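**Student:** my questions concern the predicted model and sequence given below.
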Amino acid sequence: MGPHDAGALSGTDRDTAAEAIALNARYGLLDAHDAIALTAGELFPGRTALVSSFGADSAVLLHLVAEVDRSIPVIFLDTGRLFAETLEYRTRLVETLGLADVRTVTPDPDRLAASDPHRALWMTNPDLCCRIRKTEPLKHALAGFDAWFTGRKRFQNAQRAALRLFEADGARIKVNPLASWSILDLKAHAERHGLPEHPLVAKGYPSIGCVPCTSRVALGEDLRSGRWRGLDKSECGIHMPSEADGSGI
Amino acid sequence: MFKAASAGALKAVTANRLDDGRVVFLDEDGGWTHRIGAALLVADGAELDAATAYAQSQHAARIVVDPYAIDITIVESRPTPARIRERIRAEGPTVRYGAAEYAALYPADVAAAE
Amino acid sequence: MYRYDEFDQEFVNERVAQFRGQVERRIAGELTEDQFRPLRLMNGVYLQLHAYMLRIAVPYGTLNPAQLRMLAFVARKYDRGYGHFTTRQNLQFHWPALKDVPDILDHLSSVEMHSIQTSGNCIRNVTADHFAGAARDEVADPRPYAEILRQWSSLHPEFVFLPRKFKIAVTGAERDRAAVKVHDIGLHLKKDADGRLGFAVYVGGGLGRTPFIAHKIRDFLPEADLLSYSEAILRVYNQFGRRDNKFKARIKILVHETGAEEIARQVEAEWERIRHSALALPQAEIDRIATYFALPASLAPRPAKSVVLERARVTDAELGAWVDQNTTPHRVSGHVIATISLKPIGGTPGDVTAEQMELIADLAERFSHNEIRVSHEQNLILPHVALDDLPALHAALRDYRLATANAGLVTDIIACPGLDYCSLANARSIPVAQRISERFGDAARQREIGELKIKISGCINACGHHHVGHIGILGVEKKGEEFYQITLGGSGDEQASIGEILGPGFSSDGIVDAVETVVDTYMKVRSGPDETFLAAYRRLGKAPFKDALYGAA
């Protein structure tokens, strides 16, 4: 257990809480570009990172950050269970935006071997699976940073409705430059700047995370509309008569 | 790529796809694959329980029909069902049929036709 | 041949439309498998090891060329280019997609075919002698009666939910080619002392887990009483048949547990109440149906000897062997009934490719007055072939590898699909059939051995009819391995018998040698080349075979 557990606010945590309040009071109404420039240029120079999943909504924030400074470190969590499309999209965006310092972070292999040898942990204990594949690697990756950008937005869900530009996150400051953006704002920005879309969005994935836990349709879904992953319908495998190995013809 | 198993018997979960009845195996992403080489292999116990429960939800969701667990052994690095019945399900009939049987019985005919 | 009347066609169309809706709802997710299963079984759709299986009814084994061509079309478009003929004269497709089945059924309906009542606890396809109407030894054609029973049994409201499936067979000659004595109801056409037509009625035969030879409960039933008497039998069964245990629910168990005499008494009692009802068959109705089965008008007598054939035989030994083995004299002079063997050496018994089906359809048009039959021994029959046409027919068949001259011989093996296809099976049957066929592949050796019916089942459900094989082979699973038990002396003809187990079974490696040992023993102990295997076995009993297989006691 680390120093930032709930129920035991350290001196550092109380400091960041107060700091976040102060920052919001002073800068809370900055637009996205200015918020990024302020954070990375003045408040926490050299100690700011962007964490991106390179998912459905990632392009806008990556673009805004790149416009301010392409060398701001971008931390990409490769959980080991991402869509191939996500990995390709990452490559494409990095190239298009000229991102200079992308750091791919992966889970601890020993932790995985011990806790998820069969890649079935997402079924037996999804929380632990997220912890090992996302939460812990992220924590390690952010070790040297005092502030990090997220793409969170107020409209996304009820808990985020009260989202402010600056937030305390344990010993760090979390910055949400897109907090006040709407879906239309995002669309308009992406169009104006010709930002490529994640290929799975067009196939009906509203959010894109790890393969097994991502479903195709949003809340209120009908399970039936998803779950054909791994199944190439034209792939009839070794049941086809043309199979040459002698069995199964 | 198959990783060395933990101790204990390995299992896979298999079913028939609803729309065409074809044999499928639960894969590691919660989807279904025709290829047993891509099947999710789990240990007996909690992993298998979770996998079968998940597969049952897929049956309830009308994606596959009647999933069940099968025993797997590793033969030359390939997951192989322990029972012959399941091997035949995984690999198809052990005998040729249709045009392939005809060609095997009468290769000269096929050659002459070409 | 019988044509659907308007009532039949409309019914089939409605049923297909109904099933189409059910399939759509199933695929859309509105029906669970538990809800859907009984519905699909009522339409002959099984879910097997690898895929769905569709079983199509071929009423009393009769097909016309348009139907056979449609089966070929379906095989090619929706399946894997072949079909499998079964031991109940039906056809199975082993790879249809569920979503395609309604379209398949629509296509079939256009040629008056369907898959209704090929599964489930109902009255199944009524089978008949595959030489019906053509055989010289026939007392009367059984098919009109099979058709009358078909109409009566199709969706009979009282009998849609029987305790279990129900199989009826009708045979028309003294020599029983329809195995009526191992059916739930067997009907054997005969004439009484006054020359009137009627049936000996047998009840309670069956194979499967608990094989029984049927009991005769009535020696002579007049034609007119066919339906009322059958109805009486079904009513007794429906009322008293066991529903508590699936494995004890066939009528054979009821007859065995109650006793044939008591069953006969109950049937007669019930029959007395209903024999003069609407079920009584007017002669006019029998005659009307019979006209559909009359011999083709174009089938005219020809000279008993064919110069064309005799000449061709001189130079073509294969033709001669095929004519000798695969043809049977026809009631009309100068004609034969020709058997197209679907048992090529080393092949899958009963399988036929789409191309072969189309060829046979063409040949039926050219040489058999548009008729094809399916035998319960998994071969096809061209029932009305002129002797003069045999050379051309044989040549055409030979080009498509359909001229194996092994009808009734040791390589004319009957085998269920077995563990290669069937989810009920314990062991594979097809590879065993193929290896036995290869072992005995030499044509001269086969002819020397003579008539020998080997029947192989992959599980105790006995779809391969192994109980009535001269040599029967039952596949079982023993300690995870395939294992094969041999029975000897079974027969499905008018002297029906259930095969006897001799001793422990054989491994997959040993079974073919064991069968060869049995055959070699027969060759040693037979009284002469004219004593068939079955006759020798009945004369000598198991002892010489048991000794040969397991060593003298």
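**Tutor:** Received it, and whenever you're ready, just let me know what you need.
**Student:** now for the residue most central in space within chain A: which residues touch it?
**Tutor:** Nearest residue to the geometric centre of chain A (C-alpha atoms, centre = their mean): A:Ser53, 2.7 Å. Listed by C-beta atoms under 8 Å, 6 or more residues apart in numbering or on different chains, the contact set of A:Ser53 reads A:76-77, A:86, A:208-209. Every residue, glycine included, has its C-beta placed from N, CA and C.
**Student:** and which of those residues is nearest chain B?
**Tutor:** Lowest distance from chain B to the contacts of A:Ser53 (C-beta to the nearest C-beta) belongs to A:Gly209, with 11.9 Å.
**Student:** so where do the strands sit in chain B?
**Tutor:** Per DSSP state E, chain B carries strands over the ranges B:10-17, B:23-26, B:32-33, B:42-43, B:64-75, B:78-81.
**Student:** which stretch among the ones you listed is buried most, on average?
**Tutor:** strand B:23-26 (a mean of 27; mean count of other C-beta atoms under 10 Å in any protein chain shown).
**Student:** in a markdown table: the strands of chain B, plus mean pLDDT and distance to C:Phe293.
**Tutor:** What follows is these, written out as a markdown table (pLDDT from 0 to 100; distance: least, C-beta to C-beta, whole Å):
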| stretch | mean pLDDT | distance to C:Phe293 |
| --- | --- | --- |
| strand B:10-17 | 97 | 41 |
| strand B:23-26 | 97 | 44 |
| strand B:32-33 | 94 | 50 |
| strand B:42-43 | 94 | 61 |
| strand B:64-75 | 96 | 42 |
| strand B:78-81 | 96 | 50 |
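**Student:** dump those to CSV, plus distance to C:Gly499.
**Tutor:** Shown next, in CSV, are the strands of chain B (distance: least, C-beta to C-beta, whole Å):
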stretch, distance to C:Gly499
strand B:10-17, 35
strand B:23-26, 34
strand B:32-33, 43
strand B:42-43, 45
strand B:64-75, 34
strand B:78-81, 33
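**Student:** separation between the residue sitting furthest away from the middle of chain B and chain A?
**Tutor:** Using C-alpha atoms, centre = their mean, the residue of chain B lying farthest from its centre is B:Ala112. It sits 37.1 Å away. Computed as C-beta to the nearest C-beta, to the nearest Å, the B:Ala112 to chain A distance reads 20 Å.
**Student:** for that residue, give me the pLDDT.
**Tutor:** On the pLDDT scale, B:Ala112 is placed at 86.
**Student:** quick one: residues contacting C:Arg40.
**Tutor:** Counted by C-beta under 8 Å, 6+ apart, C:Arg40 has contacts C:19, C:22-23, C:26, C:46-47, C:98.
**Student:** among those residues, which one sits closest to C:Pro282?
**Tutor:** C:Phe19 (34.6 Å; C-beta to C-beta).
**Student:** count of residues packed around the residue nearest to that closest one when sequence neighbours are not counted?
**Tutor:** Closest residue in space to C:Phe19, ignoring its immediate chain neighbours: C:Asn43 at 4.9 Å, by C-beta to C-beta, 6 or more residues apart in numbering or on different chains. Using other C-beta atoms under 10 Å in any protein chain shown, C:Asn43 has 24 neighbouring residues.
**Student:** C:Leu387 against C:Val332, yeah?
**Tutor:** No. Counting by C-beta atoms under 8 Å, C:Leu387 sits too far from C:Val332 to count as a contact (10.8 Å).
**Student:** can you list the weak-confidence ranges in chain A?
**Tutor:** A:1-14, A:157, A:159, A:206, A:215-249 (pLDDT under 70).
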